[in-house]
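Participant: From the sequence below, what's the structure:
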Amino acid sequence: MGEHHGPAKGLSRWLFTTNHKDIGTLYLWFSFAMFILGGAFAMIIRAELFQPGMQLVDPNFFNQMTTMHGLVMVFGAIMPAFVGLANWMIPMMIGAPDMALPRMNNWSFWILPVAFGILASSLFMEGGAPNFGWTFYAPLSTTYAPESVNYFIFAVHIMGASSIMGSINIIATIVNLRAPGMTYMKMPLFVWTWFITAFLLVAVMPVLAGCVTMMLMDINFGTSFFSAAGGGDPVLFQHIFWFFGHPEVYIIILPAFGVISEVIPTFSRKPLFGYSSMVYASASIAFLSFVVWAHHMFTVGMPIAGELYFMYATMLIAVPTGVKVFNWVTTMFKGAITFETPMLFAIAFVILFTIGGFTGLMLSLAPVDFQYHDSYFVVAHFHYVMVAGAIFGMSAGVYYWLPKWTGKMYNETLAKTHFWVGFIGFNVTFFPQHFAGLAGMPRRIPDYALQFADLNMMSSIGAFVYGFSQLLFLFVVIQTIRNGKPVTDAKVWEGANGLEWTLPTPAPYHTFSTPPTIK
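Facilitator: Predicted coordinates for the structure are as follows:
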């Protein structure tokens, strides 16, 4: 690589790139591939549950599917997608020439396909893929696990290393490379939410690494961290896992909050209401995420004082989250709203994420959680947060910034079709699961009692509709890249009411988050 030979061509452009936009693109395409793979696993789950009885797969393979679906979606689809958005947008939003550590940026991406190649290859190993759920509770994942568990542990280590490097890069970029005059309290909210997310990742990824290392020792080197027979404690596993796992769910949702806080002001034609309170709310959510982990563990037999503490601490998170929701709604209030695709996703996000928040509040009540725990009610709750939250936020961001990335406009009609098919498919999939859970249907089972048949059939039909909507999404993106109408910087969004609006003259850190002026 010694002397300069002009821009790299073909494969080497992507292998050796240090360009934040190229790396952002790599993250986004990789995450979409993982989204399709994780979705395929989910389709197998829903096909089996379409009617009661054992149809398609044996129970062990069904458990492998639930495990792989969770792991691939959380670590392979949602997180890298938001890292892709961060790579693309943060340098442009703060006026930086690139990320602070561009070589490390390349490295942190390219180890990801390796990690997920290792994880996916476990499907073809003797004994099959991990079958102990994405939370991999010991002793199920240590004493009774298939041989492939070691590959799973290695994959998690690599994925964690990627996350830590990506986060250090984001922190270094935001702290050191802001344009003159770009104070912290002038940063776009997307930058703020990622700044906070990056600190969360640096704090909790080593906890996950410690957790899987203790598993590795228990499995291969005769230790007893999680084995009661050797003086260890299986509940210790849950404490360590959820001390990572709860901040993790906020790592997943905070960047989506940031995207929504960019999209809603644009299509409401007015600045975001309560900027500083949004920053403080995000920081509060991040802080509180560290002190509520055992609300995932109300049924392990902790002292009543512990249950009370975790119950009240969890309910407290509803306050800053509610602040954010009210600020988004107030931003829209009396705005000149138009309903382009990013705005549709943003509004759906606010409504559906709020439903997820309310069911979360229900689950925070310890005595009530005894009933809901490990039922489909929990599945419904976290999919309203992770799909209607993270994925809808992601989709809003992709449609919002696609013209900026490609210089071309997507087909608005097709994009709106994607939205409505996905919106309906999502709700038909997950809303009935609240009722199945309340009626007592346990999660992670391949067969079920007759009274849950109708709800499961609805759920499965909705899932296939939702899955189809993502193929439509893929089509829209490819069609945009190949033959979308070119856009100029001056006129990007044409309002549905015929108003064209132009963005102010680009400053060095110019982004769409600047409130537009209407002609």
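
Participant: Distance of A346 relative to T314?
Facilitator: 26 Å (CB to CB, to the nearest Å). Every C-beta, even on glycine, is put in place using the N, C-alpha and C of the backbone.

Participant: Please say which of the two ends up with more neighbours.
Facilitator: Legend: neighbour count by other CB atoms under 10 Å for A346 and T314, higher for A346 (31 against 25).

Participant: And the helix or strand hosting R13, what's buried?
Facilitator: Assigned by DSSP states H and E, R13 belongs to helix 10-15. Neighbour-count burial for helix 10-15 flags W14 (criterion: 16 or more other CB atoms under 10 Å).

Participant: after that helix, next one along is what?
Facilitator: Sequence order places helix 20-48 as the next helix or strand after helix 10-15, per DSSP H and E.

Participant: Show me what secondary structure element comes after that following helix.
Facilitator: Following helix 20-48 toward the C-terminus (DSSP H and E): helix 59-71.

Participant: elements contacting that next one?
Facilitator: helix 20-48, helix 102-121 (3 or more CB pairs under 8 Å, 6 or more residues apart in numbering; DSSP states H and E).

Participant: which outside residues touch that helix?
Facilitator: 38, 41-42, 44-45, 48, 57, 119-120, 123, 128-136, 152, 444, 446-447 (CB atoms under 8 Å, 6 or more residues apart in numbering).

Participant: what about 7 Å?
Facilitator: 38, 41-42, 44-45, 48, 119, 128-134, 444, 446 (CB atoms under 7 Å, 6 or more residues apart in numbering).

Participant: same deal with stretch 147-165?
Facilitator: With CB under 7 Å, 6+ apart as the test, stretch 147-165 has contacts from 75, 79, 104, 107-108, 111-112, 114-116, 118-119, 121-122, 125-130, 141, 201-202, 205, 208-209, 212, 215-216, 219.

Participant: what packs against the helix or strand encompassing N456?
Facilitator: Assigned by DSSP H and E, N456 falls within helix 453-483. Applying 3 or more CB pairs under 7 Å, 6 or more residues apart in numbering; DSSP states H and E, one finds that helix 453-483 contacts helix 20-48, helix 392-406, helix 412-438.

Participant: I'd like the mean pLDDT over the helix holding R13, please.
Facilitator: Across helix 10-15, pLDDT averages out at 92.

Participant: Over to stretch 453-466?
Facilitator: Here the average pLDDT along stretch 453-466 is 98.

Participant: With stretch 66-75 instead?
Facilitator: The average pLDDT for stretch 66-75 rounds to 97.

Participant: Distance from that stretch to the middle of the chain?
Facilitator: Taking CA atoms, centre = their mean, to the nearest Å, one finds the center of stretch 66-75 at 11 Å from the center of the full chain.

Participant: go on, stretch 301-312?
Facilitator: 29 Å.

Participant: Show me what counts as buried in it.
Facilitator: Here stretch 301-312 shows M302, E307, Y309, F310, M311 as buried, counting by 16+ other CB under 10 Å.

Participant: Pull the contacting residues for I111.
Facilitator: I111 touches I158, A161, S162, counting by CB under 7 Å, 6+ apart.

Participant: Look up how far G357 lies from the last one.
Facilitator: Shown here: S162 relative to G357, a distance of 30 Å by CB to CB.

Participant: more crowded one of those two?
Facilitator: Taking other CB under 10 Å, S162 and G357 do not tie; S162 has more neighbours (23 against 20).

Participant: what helix or strand does the more buried one sit in?
Facilitator: Element membership for S162, per DSSP H and E: helix 149-176.

Participant: Pick out the least confidently modelled helix or strand of this protein, by mean pLDDT.
Facilitator: strand 501-502 (a mean of 45; mean pLDDT, DSSP states H and E).

Participant: F333 is nearest to which of the helices and strands packed on helix 59-71?
Facilitator: Within these, the stretch nearest F333 is helix 20-48; the backing value is 32.8 Å (CB to CB).

Participant: can you tell me which of the buried residues of stretch 301-312 lies nearest to T406?
Facilitator: Checking those one by one against T406 (CB to CB), the nearest turns out to be F310, at 46.2 Å.

Participant: Next secondary structure after the strand or helix carrying the closest one?
Facilitator: Here F310, judged by DSSP H and E, is contained in helix 304-316. Downstream of helix 304-316, the next assigned helix or strand under DSSP H and E is helix 318-332.

Participant: What lies in contact with that following helix?
Facilitator: Outside helix 318-332, the residues that reach it (CB under 7 Å, 6+ apart) are 257, 260, 264-265, 268, 270, 272-274, 277-278, 281, 284-285, 350, 354, 357, 361.

Participant: which ones among these are found in helices?
Facilitator: 257, 260, 264-265, 268, 277-278, 281, 284-285, 350, 354, 357, 361 (DSSP state H).

Participant: Dump the residues you listed to TSV, plus pLDDT and distance to F30.
Facilitator: Converted to TSV, those look like this (pLDDT from 0 to 100; distance: CB to CB, whole Å):
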residue	pLDDT	distance to F30
F257	98	23
I260	98	23
I264	97	28
P265	96	30
S268	95	33
S277	97	35
M278	98	30
A281	98	31
S284	97	32
I285	97	28
V350	98	28
T354	97	31
G357	97	30
L361	96	35
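
Participant: What about those residues, which one has the most neighbours?
Facilitator: Highest neighbour count within those: I260, with 30 neighbours (other CB under 10 Å).

Participant: so where does the residue nearest to it when sequence neighbours are not counted fall, helix or strand?
Facilitator: Using CB to CB, 6 or more residues apart in numbering and skipping the chain neighbours, the partner closest in space to I260 is A346 (5.0 Å). Following DSSP H and E, one finds A346 within helix 341-363.

Participant: From the contacts of stretch 147-165, keep the buried residues only.
Facilitator: Of these, these count as buried by 16+ other CB under 10 Å: 75, 79, 104, 108, 112, 115-116, 118-119, 122, 128-130, 141, 201-202, 205, 208-209, 212, 215-216, 219.

Participant: before we move on, the earlier item: flag every buried residue along the helix holding N456.
Facilitator: For helix 453-483, the neighbour count (16+ other CB under 10 Å) marks 455-460, 462-467, 469-470, 472-473, 476-477, 480 as buried.

Participant: pLDDT weak spots in the stretch 351-500 of the chain?
Facilitator: Residue ranges of the stretch 351-500 of the chain with pLDDT under 70: 489-500.

Participant: contacting residues around the residue nearest to I260?
Facilitator: I260, V263, I264, A396.

Participant: Excluding covalently adjacent residues, which one is nearest to the second one?
Facilitator: Nearest-residue entry for V263: A346, 4.4 Å, with adjacent residues in sequence omitted and distances by CB to CB, 6+ apart.

Participant: Check the gap between the one you found and I240 for me.
Facilitator: 36 Å.

Participant: One more: N411?
Facilitator: From N411 to I240 the distance is 48 Å (CB to CB).

Participant: cool, G38 as well?
Facilitator: G38 is 25 Å from I240, by CB to CB.

Participant: Over to V249?
Facilitator: As judged by CB to CB, V249 and I240 stand 16 Å apart.

Participant: Among those two, which residue is more densely surrounded?
Facilitator: Shown here are V249 and I240; by other CB under 10 Å, I240 has more neighbours (21 against 18).

Participant: what sits against Q470?
Facilitator: Contact analysis of Q470 by CB under 7 Å, 6+ apart lists F35, G39.

Participant: If we use 6 Å, what do you get?
Facilitator: Listed by CB atoms under 6 Å, 6 or more residues apart in numbering, Q470 has no contact partners.

Participant: now the one 3 residues further on
Facilitator: Neighbouring residues of F473 by CB under 6 Å, 6+ apart: H418.

Participant: Please tell me how far it sits from H295.
Facilitator: 34 Å.

Participant: Could you do M343 as well?
Facilitator: Applying CB to CB to M343 and H295 gives a distance of 34 Å.

Participant: again with T406
Facilitator: 42 Å.

Participant: I'm done for today, thanks for sticking with me.
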